[in-house]
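# Just a sequence and a predicted model for now, questions to come.
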Amino acid sequence: MIEVEAVTKRFKQVVAVDGITFTVQSGEVLGLLGENGAGKTTTMRIMATVLQPSEGDIRIDGFSVRNQPMEVRRRLGLLFGGEVGLYNRLTARENISYFGRLYGLGERQLAERVKQLSRALGMEDFLDRRVGPFSRGMKQKVAIARSLVHDPQVILLDEPTTGLDVSAASVFRRLINSLKAEGKTILFSSHNMGEIEKLCDRLIIMHKGRLIFEGTVSTLRKTYGLEDLDDIFIRAIGEEE
């Protein structure tokens, strides 16, 4: 479970996140939407204990990011957008295993987790190849597996389908639905409205650091009287200007 309690984050005179409050339940996928600079990644970095909130607090499975950061980190699986940060000279298996060992997994448990994730993400054909020459989509699969290797209860995914083709994105959606069925708490940030609609139970929209909508996709459509989610998003942020 994720509990965001009146969180504000300031960088000198800039307010990146402005007093937001929301909750993500166990077994729920929450979509996080917003333009670049809306505060999405800052919010997720506070959850990940990379940044400290200026005000308020976030609890991950009951543990405070302010006061119990190590307990929070043990329970999180993280995938941030941009560069995937893999070791190019290591194989996919070695990259995933390295992070599993950092989380304290034993060799037998680690081997089983790598096998499970490789099968789930369709990585068997390149699991023992060095990642340097991989395509962006192949690297993204390895990064997803690395973020899940320790079987975290709370999962933060920032633009996770970047670089994935249609087939791979479908595989990823099946994985997310499987994790949801296991009772995982999942926060999913994306610009892809189709992915949001297919995967998320609820969504929130952020604009200039503030939360401007929270609810289901059907509620969002009723609120703005439109069907197309891209049109709704543009209308929502336009009304806040």
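Sure thing, it's come through.

# where does Leu211 fall, phi/psi-wise?
phi -90, psi 120 (degrees, to the nearest 10).

# count of residues packed around the nearest residue to it once chain neighbours are set aside?
Excluding its sequence neighbours, the residue lying closest to Leu211 (C-beta to C-beta, 6 or more residues apart in numbering) is Ile20, at 4.6 Å. Yep, even glycine has a C-beta here, placed from its N, CA and C like the rest. Other residues within reach of Ile20, judged by other C-beta atoms under 10 Å, total 21.

# Remind me what the helix or strand harbouring Ile20 packs against, helices and strands.
Using DSSP states H and E, Ile20 falls within strand 14-24. Strand 14-24 is packed against strand 2-11, helix 40-47, strand 55-60, strand 185-189, strand 210-215, with contacts defined by 3 or more C-beta pairs under 8 Å, 6 or more residues apart in numbering; DSSP states H and E.

# Determine which of those approaches Tyr103 most closely.
strand 55-60 (15.3 Å; C-beta to C-beta).

# Convert the C-alpha atoms of that closest one to CSV, please.
Only the C-alpha atoms of strand 55-60 are listed here, as CSV (Å, rounded to 0.1, in the frame of the first residue of the first chain):
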residue,chain,number,x,y,z
GLU,A,55,6.5,18.8,3.8
GLY,A,56,4.3,15.8,4.4
ASP,A,57,5.2,12.1,4.3
ILE,A,58,4.7,9.0,2.2
ARG,A,59,4.2,5.5,3.7
ILE,A,60,5.1,2.4,1.9
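
# where along this protein do the helices fall?
With helices called from DSSP state H, the chain shows them at 40-47, 69-74, 92-102, 107-121, 136-148, 166-181, 193-199, 217-224, 229-238.

# quick one, which of these is nearest to Gly85?
helix 136-148 (7.4 Å).

# list the buried ones in the closest one?
The neighbour-count check on helix 136-148 (16 or more other C-beta atoms under 10 Å) flags 138-148 as buried.

# May I see those organised as TSV, with pLDDT and distance to Ile186 added?
Below are these laid out as TSV (pLDDT from 0 to 100; distance: C-beta to C-beta, whole Å):
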residue	pLDDT	distance to Ile186
Met138	91	23
Lys139	91	21
Gln140	89	17
Lys141	91	17
Val142	94	19
Ala143	92	16
Ile144	92	12
Ala145	94	16
Arg146	94	16
Ser147	93	11
Leu148	95	11
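
# Going by distance to Ala92, which of the residues you listed wins?
Using C-beta to C-beta, those come closest to Ala92 at Val142, 4.7 Å.

# Endpoints of stretch 129-141, how far apart?
Criterion C-alpha to C-alpha, to the nearest Å; first-to-last residue distance in stretch 129-141 is 13 Å.

# Oh, that last question was meant for stretch 63-79, not what I typed.
Using C-alpha to C-alpha, the end-to-end distance of stretch 63-79 comes out at 20 Å.

# ok, Lys139 to Arg101 distance?
20 Å (C-beta to C-beta, to the nearest Å).

# Over to Met1?
As judged by C-beta to C-beta, Met1 and Arg101 stand 28 Å apart.

# Now the strand holding Ile20: buried residues?
So for strand 14-24, counting by 16+ other C-beta under 10 Å, buried means 15-18, 20, 22, 24.

# what pLDDT does the residue nearest to Leu211 get?
Ile20 is assigned 97 on the pLDDT scale.

# and what of the one 10 residues further on?
Leu30 is assigned 96 on the pLDDT scale.
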